[in-house]
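Coordinates only, no sequence provided:
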């Protein structure tokens, strides 16, 4: 199965590389459009400088991906709501995100909320660190 538009949710950490690599592998099969998004869930507002710095980090990840990245987005808010809105607005048919297996994430995982909110296929990539 190939996808038309793959949205990759990253957290700007090194572990995002694993998520990006999985998404790019799938994108190459179907010549899919790929976009990156970073959702800042800890802020209610960000300064233009902070947004610029986050965009630069996303652009650096895009450059390293070895695949054309159509769009990089920085947004703030609830993860599941922002991802659902972006996916719908941009006709995303696959969302790729990572998940750390830690004790607290088993109690407070955002994956069920994302799965219930996003109207697209969801690939959750296991991140061991």
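Sure thing, it's come through. Fair warning: this is a prediction, and the values are worked out from it, not measured in the lab. Numbering: from 1, shown residues only.

contacts, neighbours, all on C-alpha from now
Will do.

what mean pLDDT would you report for the longest helix along the chain?
In terms of residue count, the longest helix belonging to the chain (DSSP state H) is helix 48-64. The average pLDDT for helix 48-64 rounds to 95.

which secondary structure elements does the helix or strand following it contact?
Toward the C-terminus, helix 48-64 is succeeded by strand 71-76 as the next helix or strand (DSSP states H and E). Contacts defined by 3 or more CA pairs under 8 Å, 6 or more residues apart in numbering; DSSP states H and E place strand 71-76 against strand 33-40, helix 48-64.

List the buried residues for the longest helix of the chain?
Neighbour-count burial for helix 48-64, with 16 or more other CA atoms under 10 Å as criterion, is recorded at 54-55, 57-59, 61-62.

Heading C-terminal from the helix or strand of the chain with the lowest mean pLDDT, find the next helix or strand.
Ranked by mean pLDDT, DSSP states H and E, the weakest helix or strand in the chain is helix 103-108, scoring a mean of 43. Using DSSP H and E, the helix or strand that follows helix 103-108 towards the C-terminus is helix 111-117.
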